[in-house]
Structures are given as structure tokens and as C-alpha cells.
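Chemist: model the following, please.
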Amino acid sequence: MKKLLLAGISFAALVAGPALAADLGRPVYRPVLAPVAVYNWTGFYVGGNVGYVASRNSMSTVATPTPDVVFGIPPGVTEGLAALATGPLPSGNTNGFIGGGQIGYNWQFGNYVAGVEADIQGLSQSNNGGTITLTQVVVGRLVTSTRTASETTRYLGTVRGRLGFLVGPAFLVYGTGGLAYGDTNASYTLTQTGTNGFVGLGSGGLSGTRAGWTAGVGAEWRFVQNWSAKLEYLHYDLGSPSFSNVGSGNFLTLVPFQTGVTSTQFRGDIVRVGLNYKLGYAAAPALIAGSATAADLGRPVYSRPVVAAPVYNWTGFYVGGNAGYGWGRIDTVYTSPGAPFGLLAVDQMASSANGSPGLRPTGFVGGGQIGYNWQVAPSWIVGGEADFNAFALKDTFNANLATPIAGPQITHTNVESNWLFTFRGRAGYAFDRWLVYGTGGLAVANVKFEQLNAYPAFPLSSSDNFSASTTRTGWTAGAGVEYIFVHNWSLKAEYLYVDLGSISGTSSTTGYANVAALATHTHQTDDFRANIVRVGLNYKFGYAVAPAVYK
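Modeler: Numbers count the residues shown, from 1 in each chain. Now for the predicted structure:
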């Protein structure tokens, strides 16, 4: 009997042994409570924004006349000219696109969220100002006065505090305010002509970075994991600077016949949308009591995986944003055939304008990019990338010069570009997370150029003018380095050289009362070139790391 019992036990062990061994790798479920996600707003975030800006700028000038007795002329002449140069100016409400990037940090305490945020944006504005022309009798002579003004802000940055309330776990409404700063430019020109042959000219301007304040409100919605979308309104005010200008005329040559002070104001309103990515965990599981579905009744415990070393995969589409700084060089050459009427003085005046003065526009560059990479070999990467950027490069040159024959020369030159598009190929070598690459291709940008040379004291001439606004196509080339710092996210630093070719055109030097063309100049802007240094953030769709191997 004992032998039969032992035999039965041995047989059962032999049968059950393989089954138990096979079950060791299968999951064993343990009861848990059903999880519910609770969003955590605390932490650093980065993102981009795009929107519309309405800049409500204003300008006005007050001109003070030089006493008539200084020039030995009848009373009321300089007073009348100054009155025509006084009043509001049509600087225009410069509206347009705004876009850039932001970085910030939030602290959550209960249902309240406090934080700080810094951002910088490029502005691409559609209207640069306007002109006012008035005609009035001044001491028996009909005088026409033309005043032209413009104001622009090329980039705008803010450093703000934020304080908000969570309407729901994933929805935040907030107020915000703090420092605002931007690159501001303003210019003013005056032309006054009389029926007696009088020509008076004046100009002035300012350019530089100004600081002010900003305030607004917004709403932000965390729509999935670490991603949130926001809608925001901001009002900004960069203050009210002023600059001086003087008026010089051909009959009033001893001293300026008037001095003016032009007051400006830089302010505006922004409506924009943004996308933020929060670094770290955006939601933590909270355990709550209650019923659970059959699928939630237990937590599986799996066999231990054997994890292979991560291999980063660069192949796939990506999108991102960038911000940086640009500086350019524009060499302008003027050539003239001389005076067709053989006037030596006019020929000398034309020759004095020949030369190669250089402009050096600088400013903010920022926008977004989209591209695709192919990993064609274990370490070689090729791809294509397109980007569109606010390209806020500008430079202005104003000077009062002297010529041997024609006398005083007032020179105003301005060049600017507002946007840049590139479509480039990329080829590089990858060191796992690191990619070093070269890039080159097509570049397209808008370029605005204007030139004014005025000779108010020369009796048979007044000014020569040239302006152009065009879309230029050229080429770009550069190099960069990119680093995958976490999952599908990568940072890059990049240098680009841009060559937009040349702009050419003609202008006429006009004579007595701006009627007779006395000389023709050919103005050519050679080699509009720019250098860009920028940083960028990319998000790659799909897998960035090969999956781990389980055994």
C-alpha cells in the first residue's frame, strides 16, 4: 500500500513539475485600486507662440523758428515755415504677424498656480507710416510742406509673473504682467518748397532697445500628458521717447531756419496662441476606492526583462522652433553720368554722391521649422528642412555733410528686412545622440531700401531719391550640431550665411522747384548678405529610441 501511495505522489510531482515551471514567466495578478490621473502643474516648460499684433504708435513734432532778423528777411517767414512743420504725424498703426518662443516655471499650491515666464518674438509689420502735405501762403509766397514719418518695432521680449486658478485639473486661467523690452525705430523727414525757389529740408530719427511694461490675461489647457495649449492677450508700452531735427534751406544758409522736437510713443496689443511642453511628469496616478472593471482587478508582475543598450533613431519627420540673432552687410554703390546740361556745379554735386557707404543691419531672428531625416547608414544622416522666420534686420544712416560746390548735403539711407524663408538640404554624421551636419539651399526674403540725398543750399537742385521694396531670392549655407536630450526631443545650435543678391534702380536729381531733371544716378545695392546664429528645439514624431529587448 505504501509503495502504491509513494508511486502516486511521485507521478503527480512529475506531471505537475513542468506546468509549475512554465507558469513562472506568466503574470500573477495582485488586487489594486483603480487609478485616476491628477495633473501636476509644477515644473519647467518650453514652447512657442504665434499671433497678431496691433501697434498703436503715435508721433508729433513741435518746430521752433529761428528769428527772421538773423537772416535779414521780413517778419513772419520762419514763423510760418515752423507752423507748417508742427503737428501730429502719420506714423501709422503698424499691424502684423508676431511669433517666437517662451520658457517658464510654475508652482502649484492647491488650486492656485504661480509662475514666471520669459519670451522673445519677432514682429513682421505691414505698415511703416505715412505722409502729410500742406500748402499755405507764407508772407506772400505759396509754400508746400511735406512731412513723412514712420515707427517700427522689430522684436519684443517680456519677463513676466503669472498667477492663476485651476478651474479643473487640466484648465488654468491666469493674469500676467511684468517687464517688456523691444527694438524700436522712428524716422522723420521734412521737405518745404516755395514758389520763389526756396527749398528747405530736415530729418531726424532714433533707433535702439527700449524697456517698458506689459500686462494681460490668458487661459491654458493641458490636453494630453505633458502638452498644453494657451490663448493669451497682452498690452505693452515701451514709453515715449523724443528726438530732435533741424531744417536747412537754400536761401537761409547761415544757421538752420528751424529746430524741431519729435515725440513718439511705442505701444500695442497682442493676441496669440501658444504650445507648451512641460519637462518631467505632468500627471501622477492617484488611488481611489471604488468599483473596478475586470481588467483593473490586479496588477501584473512580469518576468524580468533583459534591456539592450538604447540605439537612437534619427529617421522621421520633426517640427520645432528657433530664435537667434542676425547681422548683415549691404554695400551701396552710386554711379552718375554727370549733368546733361554741362553745369559744372551740378556735375560736382553728382560726383560727390559716388562711393560705397556700407550699412550694417542687425536684429532678432526667430520662427519655426519642419523637416525629415533619413538615417541611411549606421551613422550617416541626410534630410531636408524648411523654415520661416521673422527677420528683423534694420539699419539707418542719417548725416549732414558738406560738398565743395553744392554746399550742405543731407543724407538719409535706410534698409530693412522683415521675414526670411529657407529650404535646405542637410547631411551629417551621428555620434549616437549627437549629430554634426552641414546645410545649404534656397533663401527668400523681403528687402526694403531707400536713399535720399538733399542739397538745400544749391540754387538749381534740391534732392535725389531712390527706394525699392522687393522679394529677393538667393542662397544660404551653414553648419550646426544637434543633440537628443530626452525621448523625442532635441536641441540644436546653427550658423547660416545668407546672400540675397543685389538691388538696382535709378533716381533723378531734381532742379529748380523740383521740376527739371538735371542728373541721373544709378543706385545699386550689392551683395545683401547676412549672418545668423540661432538655437532651436525639435520634436521628432515616431520612435526616437529602439525598443528594449525582453526575454
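
Chemist: tell me the pLDDT of the residue lying closest to residue 535 once chain neighbours are set aside.
Modeler: Spatial nearest neighbour of residue 535, chain neighbours left out: residue 493 (5.3 Å); criterion: C-beta to C-beta, 6 or more residues apart in numbering. All C-beta atoms are positioned from the backbone trio N, CA, C, and that covers glycine. Looking at residue 493, its pLDDT is 94.

Chemist: wait, residue 493 touches residue 437, no?
Modeler: No. Applying C-beta atoms under 8 Å as the test, residue 493 and residue 437 come out as separate, 11.2 Å apart.

Chemist: sheet partners, orientation included, of the strand or helix carrying residue 48?
Modeler: Assignment of secondary structure by DSSP states H and E places residue 48 within strand 43-55. With DSSP bridges as the test, strand 43-55 is paired with strand 94-109 (antiparallel), strand 267-278 (antiparallel).

Chemist: tilt between the lengthiest strand in the chain and strand 94-109?
Modeler: Assignment by DSSP state E gives strand 141-168 as the longest strand of the chain. Strand 141-168 and strand 94-109 are oriented at 30 degrees to each other (axes from the mean of the first three to the mean of the last three C-alpha atoms, to 10 degrees).

Chemist: partners of strand 141-168 in the sheet?
Modeler: Sheet pairing for strand 141-168, assigned by DSSP bridges, gives strand 112-125 (antiparallel), strand 130-138 (antiparallel), strand 171-194 (antiparallel).

Chemist: state the mean pLDDT of that strand.
Modeler: Mean predicted confidence for strand 141-168 is 89.

Chemist: likewise stretch 395-409?
Modeler: Mean predicted lDDT for stretch 395-409 stands at 64.

Chemist: circling back to that earlier point, now the longest strand of the chain: buried residues?
Modeler: Using 16 or more other C-beta atoms under 10 Å as the test for burial, strand 141-168 gives 143-145, 147-158, 160, 162, 164, 166.

Chemist: low-confidence ranges in the stretch 251-400 of the chain?
Modeler: Residue ranges of the stretch 251-400 of the chain with pLDDT under 70: 251-255, 281-311, 331-358, 399-400.

Chemist: where do the helices sit along it?
Modeler: Using DSSP state H, counting those that start in this stretch, the helices found in the stretch 251-400 of the chain span residues 344-352.

Chemist: got the residue ranges for the strands in it?
Modeler: Listed from the start of the chain, the stretch 251-400 of the chain has strands (DSSP state E, counting those that start in this stretch) covering 258-265, 267-278, 283-287, 299-301, 316-335, 358-359, 362-375, 380-403.

Chemist: ok, the stretch 451-551 of the chain next?
Modeler: 463-486, 489-499, 503-510, 517-540.

Chemist: so residue 385 bridges to which residues?
Modeler: According to DSSP bridges, beta-bridge pairing links residue 385 with residue 371, residue 424.

Chemist: can you get me a residue count around the nearest residue to residue 48 once chain neighbours are set aside?
Modeler: Distances taken as C-beta to C-beta, 6+ apart place residue 321 nearest to residue 48, at 4.1 Å, with adjacent residues excluded. Using other C-beta atoms under 10 Å, residue 321 has 25 neighbouring residues.

Chemist: check contacts around residue 321.
Modeler: Shown in contact with residue 321 (C-beta atoms under 8 Å, 6 or more residues apart in numbering): 48, 100-101, 366-369, 536-537.

Chemist: which residue packs closest to residue 395, ignoring adjacent ones?
Modeler: Residue 395 sits nearest to residue 361 (C-beta to C-beta, 6+ apart), 4.0 Å away.

Chemist: ignore the last one, residue 103
Modeler: residue 46 (5.0 Å).

Chemist: relative to residue 322, how far out is that neighbour?
Modeler: For residue 46, the distance to residue 322 equals 12 Å [C-beta to C-beta, to the nearest Å].

Chemist: please apply the same query to residue 367.
Modeler: As judged by C-beta to C-beta, residue 367 and residue 322 stand 6 Å apart.

Chemist: do residue 540 as well
Modeler: 15 Å.

Chemist: could you check how far residue 231 is from residue 218?
Modeler: Residue 231 is 6 Å from residue 218, by C-beta to C-beta.

Chemist: er, residue 541 I mean
Modeler: From residue 541 to residue 218 the distance is 28 Å (C-beta to C-beta).

Chemist: neighbour-wise, which of these two wins?
Modeler: Comparing residue 541 with residue 218 by other C-beta under 10 Å, the one with more neighbours is residue 218, at 19 against 11.

Chemist: quick check: which element contains that one?
Modeler: strand 199-224.

Chemist: residues in contact with the following helix or strand past that strand?
Modeler: Once strand 199-224 ends, the next helix or strand along the chain (criterion: DSSP H and E) is strand 227-237. Outside strand 227-237, the residues within contact range by C-beta under 8 Å, 6+ apart are 45, 49, 51, 156, 158, 176, 180, 182, 212-223, 266-278.

Chemist: for burial, what's the neighbour tally of residue 196?
Modeler: As a burial measure, residue 196 scores 11 neighbours (other C-beta under 10 Å).

Chemist: now residue 213
Modeler: 17.

Chemist: how close does it get to residue 263?
Modeler: 19 Å.

Chemist: same deal with residue 491?
Modeler: 44 Å.

Chemist: run through the stretch 1-150 of the chain and note the low-pLDDT ranges.
Modeler: 1-38, 90-94, 125-129.

Chemist: if we go to 50?
Modeler: 5, 9, 11-16, 18-25, 28-29, 31-34, 36, 127 (pLDDT under 50).

Chemist: residues in contact with residue 200?
Modeler: 81, 190-193, 247-250, 252, 257, 456.

Chemist: one step back: if I pick the residue nearest to residue 395, what's in contact with it?
Modeler: 327-328, 330, 393-395, 415-417, 530.

Chemist: adding distance to residue 443 and neighbour count, write the residues you listed out as TSV.
Modeler: Below are those laid out as TSV (distance: C-beta to C-beta, whole Å; neighbours: other C-beta atoms under 10 Å):
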residue	distance to residue 443	neighbour count
327	16	16
328	12	23
330	15	25
393	13	28
394	18	21
395	19	20
415	17	24
416	17	23
417	11	27
530	9	26
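
Chemist: which one of those is nearest to residue 239?
Modeler: residue 394 (19.3 Å; C-beta to C-beta).

Chemist: residue 78 sits in which helix or strand?
Modeler: Counting by DSSP H and E, residue 78 is part of helix 77-84.

Chemist: identify the residue spatially nearest to residue 156, adjacent ones excluded.
Modeler: residue 182 (4.2 Å).

Chemist: near the one you found, how many other residues are there?
Modeler: Residue 182 has 25 neighbouring residues, counting by other C-beta under 10 Å.

Chemist: mind listing what it touches?
Modeler: 153-157, 209-210, 236, 238, 266.

Chemist: how about the residue nearest to residue 395, phi and psi?
Modeler: Backbone torsions for residue 361, taken as degrees, to the nearest 10, come to phi -70, psi 140.

Chemist: distance-wise, check it relative to residue 152.
Modeler: For residue 361 relative to residue 152 (C-beta to C-beta), the value is 13 Å.

Chemist: need the residues touching each of these two.
Modeler: Residues touching both residue 361 and residue 152 by C-beta under 8 Å, 6+ apart: 394, 416.

Chemist: tell me the domain ranges of this protein?
Modeler: 42-286, 306-551 (automatic domain parsing).

Chemist: that older thread, go through the strands paired with strand 141-168 and name the closest to residue 316.
Modeler: Closest among the strands paired with strand 141-168, using C-beta to C-beta: strand 112-125, at 28.1 Å.

Chemist: may I have the closest one as PDB, with CA atoms only?
Modeler: The C-alpha trace of strand 112-125 is given here as PDB (Å, rounded to 0.1, in the frame of the first residue of the first chain):
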ATOM      1  CA  TYR A 112      -3.600  78.000  -7.500                       C
ATOM      2  CA  VAL A 113      -0.700  78.200  -9.800                       C
ATOM      3  CA  ALA A 114       2.100  80.900  -9.700                       C
ATOM      4  CA  GLY A 115       5.000  81.200 -12.100                       C
ATOM      5  CA  VAL A 116       7.400  83.200 -14.100                       C
ATOM      6  CA  GLU A 117       7.800  83.300 -17.900                       C
ATOM      7  CA  ALA A 118      10.300  84.900 -20.300                       C
ATOM      8  CA  ASP A 119       9.700  85.100 -24.100                       C
ATOM      9  CA  ILE A 120      11.000  86.800 -27.200                       C
ATOM     10  CA  GLN A 121       9.200  87.400 -30.500                       C
ATOM     11  CA  GLY A 122       9.900  88.800 -33.900                       C
ATOM     12  CA  LEU A 123       7.400  91.300 -35.400                       C
ATOM     13  CA  SER A 124       6.600  91.500 -39.100                       C
ATOM     14  CA  GLN A 125       4.600  94.600 -39.700                       C
END
